[in-house]
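Student: build me a model from this:
(chains A and B)
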Amino acid sequence: GQQLNQSPQSMFIQEGEDVSMNCTSSSIFNTWLWYKQDPGEGPVLLIALYKAGELTSNGRLTAQFGITRKDSFLNISASIPSDVGIYFCSNNNDMRFGAGTRLTVKP
Amino acid sequence: DGGITQSPKYLFRKEGQNVTLSCEQNLNHDAMYWYRQDPGQGLRLIYYSQIVNDFQKGDIAEGYSVSREKKESFPLTVTSAQKNPTAFYLCASRALRPSGANGLTFGAGSRRTVL
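Tutor: Coordinates of the predicted model:
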């Protein structure tokens, strides 16, 4: 089956720093979805991308659908403590998820 | 408010016991999914259903069973054959119409611990 690789696996940053993470696939996707999971909770959809090259923002979050349709990037600007959690990428082809990027923000 | 309700939130069972996790949604979503999340790991698909009375195996279906008798409900039974000691089970749903390009709505999860 297709592979979804997320990097980095974890990040430890200072409050106020910008964050960048990405996801790559072994197959072409029609949709990229980014979710955030708070500790002990279910993931919540942050951003959905539907077209190659698309750049979409949601507050301090910006995500891009790669031109090759095999990758996507999520950036968080000016991080705050509540950004802590696990960020997952996924797609609507087969509803599989990457292993996640675990973000820790130090005040 | 519309959403997905999972129960129980916490579950402690001895080895050899089957247990059924409940998942109910009032979002009128067509498709429902079960994922397992092991400590420090990502989400792995157990089973999914896109229509009533039909369901498909995911990547780790062994030791699990499901049913989809109603659109709103997708219970998961963890059988005694499932050996993982501790796992977090997440139920999710999504609409398939007007297009399949919709994200998942997740429940709050059920945490199972084997004593």
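Student: for chain A, what are the nearby residues on chain B?
Tutor: B:4, B:33, B:35, B:41-45, B:48, B:59, B:90, B:92, B:100-109 (CB under 8 Å from any CB of the partner chain). Where you see a C-beta, it was placed from the backbone N, CA and C, and this is true even at glycine.
Student: in strands, which of these fall?
Tutor: Counting by DSSP state E, the residues of chain B next to chain A place B:Ile4, B:Tyr33, B:Tyr35, B:Leu43, B:Arg44, B:Leu45, B:Tyr48, B:Leu90, B:Ala92, B:Thr105, B:Phe106 in strands.
Student: between these, which is nearest chain A?
Tutor: B:Phe106 (3.1 Å; CB to the nearest CB).
Student: distance check, the closest residue to the closest one other than its chain neighbours against B:Cys91.
Tutor: Leaving aside its sequence neighbours, B:Phe106 sits nearest to A:Gly42 (CB to CB, 6 or more residues apart in numbering or on different chains; 3.1 Å). Distance of A:Gly42 to B:Cys91, given as CB to CB, to the nearest Å: 8 Å.
Student: among these two, which residue is more densely surrounded?
Tutor: With neighbours defined as other CB atoms under 10 Å in any protein chain shown, A:Gly42 and B:Cys91 compare such that B:Cys91 has more, 28 against 22.
Student: can you give me the pLDDT of the closest residue to chain B within chain A?
Tutor: Distances between chain A and chain B by CB to the nearest CB are smallest at A:Gly42, namely 3.1 Å. Looking at A:Gly42, its pLDDT reads 94.
Student: same deal with the one 4 residues further on?
Tutor: Model confidence at A:Leu46, given as pLDDT, is 96.
Student: and it, helix, strand or coil?
Tutor: strand (DSSP: H, G, I helix; E, B strand; the rest coil).
Student: how about it: what's its closest non-neighbour residue?
Tutor: A:Trp34 (4.7 Å).
Student: surely the one you found touches A:Asn91?
Tutor: No: counting by CB atoms under 8 Å, A:Trp34 sits too far from A:Asn91 to count as a contact (10.7 Å).
Student: any weak-confidence spans in chain A?
Tutor: Residues of chain A meeting the criterion pLDDT under 70: A:1-2.
Student: between A:Gly42 and B:Cys91, which contacts overlap?
Tutor: Residues touching both A:Gly42 and B:Cys91 (CB atoms under 8 Å, 6 or more residues apart in numbering or on different chains) are B:Ile4, B:Phe106, B:Gly107.
Student: show me where chain A has helices.
Tutor: Ranges of helices in chain A, per DSSP state H: none exist.
Student: what parts of it come near chain B?
Tutor: Taking CB under 8 Å from any CB, the part of chain A that reaches chain B is made up of A:1, A:30-31, A:33, A:35, A:40-45, A:48, A:50, A:88, A:90, A:92, A:95-100.
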